[in-house]
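Visitor: Test case, fold it:
(chains A, B, C, D, E and F)
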6 protein chains.
Amino acid sequence: MTDDGYQAFAAEREALNDLVLEHANLEIKRFFSLDSQVYREGALPARTKEILGLVASLVLRCDDCVSYHLGRCRDEGVSTPELVDALGLGLVVGGSITIPHLRRAMKTWMELMQGGD
Amino acid sequence: MTDDGYQAFAAEREALNDLVLEHANLEIKRFFSLDSQVYREGALPARTKEILGLVASLVLRCDDCVSYHLGRCRDEGVSTPELVDALGLGLVVGGSITIPHLRRAMKTWMELMQGGD
Amino acid sequence: MTDDGYQAFAAEREALNDLVLEHANLEIKRFFSLDSQVYREGALPARTKEILGLVASLVLRCDDCVSYHLGRCRDEGVSTPELVDALGLGLVVGGSITIPHLRRAMKTWMELMQGGD
Amino acid sequence: MTDDGYQAFAAEREALNDLVLEHANLEIKRFFSLDSQVYREGALPARTKEILGLVASLVLRCDDCVSYHLGRCRDEGVSTPELVDALGLGLVVGGSITIPHLRRAMKTWMELMQGGD
Amino acid sequence: MTDDGYQAFAAEREALNDLVLEHANLEIKRFFSLDSQVYREGALPARTKEILGLVASLVLRCDDCVSYHLGRCRDEGVSTPELVDALGLGLVVGGSITIPHLRRAMKTWMELMQGGD
Amino acid sequence: MTDDGYQAFAAEREALNDLVLEHANLEIKRFFSLDSQVYREGALPARTKEILGLVASLVLRCDDCVSYHLGRCRDEGVSTPELVDALGLGLVVGGSITIPHLRRAMKTWMELMQGGD
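Guide: Predicted structure coming up:
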């Protein structure tokens, strides 16, 4: 994520997703569709799935993915203690190498909690 | 995990954890303790945390970690459709490179569902 | 891959893929379908795509994935010097941590070249 | 890659490579030499090798490496449909965690196709 | 690390660590404490441990972690030839995919050696 | 590493390295040579370099690489407390996902300390 905060990240993400889909082949389009489907309510609720997406993104150390799922966790009404619980679990699984991403995640979450969108 | 199934895996895991702790320094002991604490009920229920541990293990492609969390998911009463939902999400996040681990996870889960312990 | 060679690997892979698909949700089925589609001839020939799959598998250090793509490279008529070129490139990209996988890849390739199937 | 586009990236890459080689020991110098050699025409053509380098870089999620190989793919005359085919394959292998890198790759490729150098 | 150099990095790191610890649960606090303890003199001297932290950070490709350990290596009196030896070893283990991080590491080290703090 | 212990591992490693070098191109041969050179005494002593190789192997989660460097650490006279210190550091950097490798490392080290070769 850029230093310009969540809103700038979300705008660039959307613009570049449009660019990808404009030039994508069928397989890329299908993958993007699948990437939406797995977060929809199924046997597990959407809320749990966003927390799963967040922790997977943290242990794989992808700042953009973490930022995206933080926004979605906010939309799903995840509380700060729940979020901290999830991040702490990811930290122990992924080790100290995830700490820079944890730092940036906490900064983005605070921004989102303060009405940043 | 060895091909001898879940029970052999769990027995070897316990024996080797004992070996590690016998020779461990204070930091390793503290890490092992922390590794138990993050899965205990907190702001998130233990059941959700085990699913988080499972998906994190799948995307990081660790068979032993997947097997361990499958056993714990069974203990927490996770249903097969919930498990499949979680594995499908991990597959999309982590890509086809996780498929060999997904295959072995499904085999272990079926063993656990059939009373293997 | 087990030590029983390529044929045992391929048989177990097929049996476990069947198990996965028997219990899969729609997303997992779609992913498996997509995973076949991206290796079909498109703008790039299937042969090149299998070499791409092989090198991606080597740098991500997945023995089963390497074995699978070695079998497919053999089917597509990739020569040993071409294969060695691809593995050498993967070795330099992925570093010495890939060497154990390179060793097993070479063993499997030799088995495949000697008519093992 | 910085947000200043491909040209700024290429200039900084060259300046810092000079800095590394100025202070490098023999092993680092030999590695850098080897890193050039594996992309030269051998049993596989240089064009295929650049596509291999690109896909390996995408699945390992290295933006700078992706940008470098995009520039080389352009030099080798790789077409946009071929590039999209390669990126789609990498996306399926590496999963949704590669999407932020895919987005930036597409942006850089469009810049290169429009004469950015 | 941002392009503003080591000092800006160190300041932001400290500010965000404070933010993390302000909102952290007990597990995160314990992890942060453990993360300090493992670098203290034990059976291995602190100096060796910082070089270990540096090489682990390089092969795991974490710029912020590399920058932090470069600062600590400087504090522990690691010489440039020792540092180059460690980076060269990490390069061979981790492969060419680490080169962008090696480039930035060398830039930061030169800044630290010239009195940047 | 197979379950047959260090000696079986070392024998298979040597046999397969021979197979690789028999079929290798010039780049692979040069990489293997470089992979020996970086562990020779330089600005850092060989002993420190083997500990670096061990920790890098642990955080990258490569059992064969860990086993190899454990053998070399034994040759270089690394003590058990030093080894435990290094493993504990790697555990904190790499997280709980490294624990299965730590377990197997401890088993191999105990075998080596009891005269297994």
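Visitor: how close does the residue nearest the centre of chain A sit to residue E:38?
Guide: Residue closest to the mean C-alpha point of chain A, counted by CA atoms, centre = their mean, is residue A:69 at 2.1 Å. Relative to residue E:38, residue A:69 is positioned 29 Å away (CB to CB, to the nearest Å). Where you see a C-beta, it was placed from the backbone N, CA and C, and this is true even at glycine.
Visitor: ok so, going back, which other helices and strands contact the strand or helix carrying the residue nearest to the centre of chain A?
Guide: Following DSSP states H and E, one finds residue A:69 within helix A:63-75. Counting contacts by 3 or more CB pairs under 8 Å, 6 or more residues apart in numbering or on different chains; DSSP states H and E, helix A:63-75 packs against helix A:6-23, helix A:46-59, helix A:99-113, helix D:99-113.
Visitor: of all those helices, which lies closest to chain C?
Guide: helix A:46-59 (11.1 Å; CB to the nearest CB).
Visitor: what angle do that closest one and helix A:63-75 make?
Guide: Between the axes of helix A:46-59 and helix A:63-75, defined by axes from the mean of the first three to the mean of the last three CA atoms, to 10 degrees, the angle is 160 degrees.
Visitor: Whether helix A:46-59 contacts chain F - can you check?
Guide: Yes. Residues of helix A:46-59 contacting chain F under CB under 8 Å from any CB of the partner chain: residue A:59.
Visitor: how close does the residue nearest to the residue nearest to the centre of chain A when sequence neighbours are not counted sit to chain F?
Guide: Closest residue in space to residue A:69, ignoring its immediate chain neighbours: residue A:54 at 4.0 Å, by CB to CB, 6 or more residues apart in numbering or on different chains. Distance check for residue A:54 against chain F: by CB to the nearest CB, to the nearest Å, it reads 16 Å.
Visitor: try residue A:8
Guide: From residue A:8 to chain F the distance is 31 Å (CB to the nearest CB).
Visitor: residues from chain A in reach of chain C?
Guide: Contact residues (CB under 8 Å from any CB) of chain A with chain C: A:25, A:26, A:27, A:30, A:31, A:34, A:37, A:38, A:42, A:43.
Visitor: Go again with 7 Å.
Guide: A:25, A:27, A:30, A:31, A:34, A:37, A:38, A:42 (CB under 7 Å from any CB of the partner chain).
Visitor: So which of the residues you listed are in helices?
Guide: Among the residues of chain A next to chain C, the ones falling in helices (DSSP state H) are A:27, A:30, A:31, A:34, A:37.
Visitor: confidence score at the first one?
Guide: Note for residue A:27: predicted pLDDT of 98.
Visitor: Could you double-check that it lies in contact with residue C:34?
Guide: Yes. Using CB atoms under 7 Å, residue A:27 is in contact with residue C:34, at 6.0 Å.
Visitor: anything in contact with each of those two?
Guide: Residues touching both residue A:27 and residue C:34 (CB atoms under 7 Å, 6 or more residues apart in numbering or on different chains) are residue D:92.
Visitor: before we move on, back to that, out of the residues of chain A next to chain C, which is nearest to chain D?
Guide: Using CB to the nearest CB, residue A:27 comes nearest to chain D of those, at 4.3 Å.
Visitor: roughly how far apart are that closest one and residue F:31?
Guide: According to CB to CB, residue A:27 stands 33 Å off from residue F:31.
Visitor: got it, and residue A:106?
Guide: Applying CB to CB to residue A:106 and residue F:31 gives a distance of 41 Å.
Visitor: same question, residue A:10
Guide: Using CB to CB, one gets 43 Å for the distance from residue A:10 to residue F:31.
Visitor: Looking at the helices and strands packed on helix A:63-75, which one is packed in the most?
Guide: helix A:46-59 (a mean of 24; mean count of other CB atoms under 10 Å in any protein chain shown).
Visitor: Please enumerate residues in contact with that one?
Guide: In contact with helix A:46-59 (CB under 7 Å, 6+ apart) are residues A:39-40, A:65-66, A:69-70, A:72-73, A:76-78, A:86-87, A:89-90, A:93-94, A:98, A:101-102, A:105, B:48, B:51-52, B:55-56, B:59-60, B:86, B:89-90, B:93.
Visitor: Could you tell me the angle between it and helix D:99-113?
Guide: Per the same axes, to 10 degrees, the angle that helix A:46-59 makes with helix D:99-113 is 70 degrees.
Visitor: Nearest residue to residue A:19 in space, ignoring adjacent ones along the chain?
Guide: Excluding the flanking residues, the one nearest residue A:19 by CB to CB, 6+ apart is residue D:106, at 5.3 Å.
Visitor: Adding distance to residue A:17 and neighbour count, write the residues of chain A next to chain C out as a markdown table.
Guide: Shown next, in a markdown table, are the residues of chain A next to chain C (distance: CB to CB, whole Å; neighbours: other CB atoms under 10 Å in any protein chain shown):
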| residue | distance to residue A:17 | neighbour count |
| --- | --- | --- |
| A:25 | 15 | 17 |
| A:27 | 16 | 23 |
| A:30 | 15 | 19 |
| A:31 | 12 | 24 |
| A:34 | 14 | 21 |
| A:37 | 16 | 16 |
| A:38 | 17 | 26 |
| A:42 | 23 | 20 |
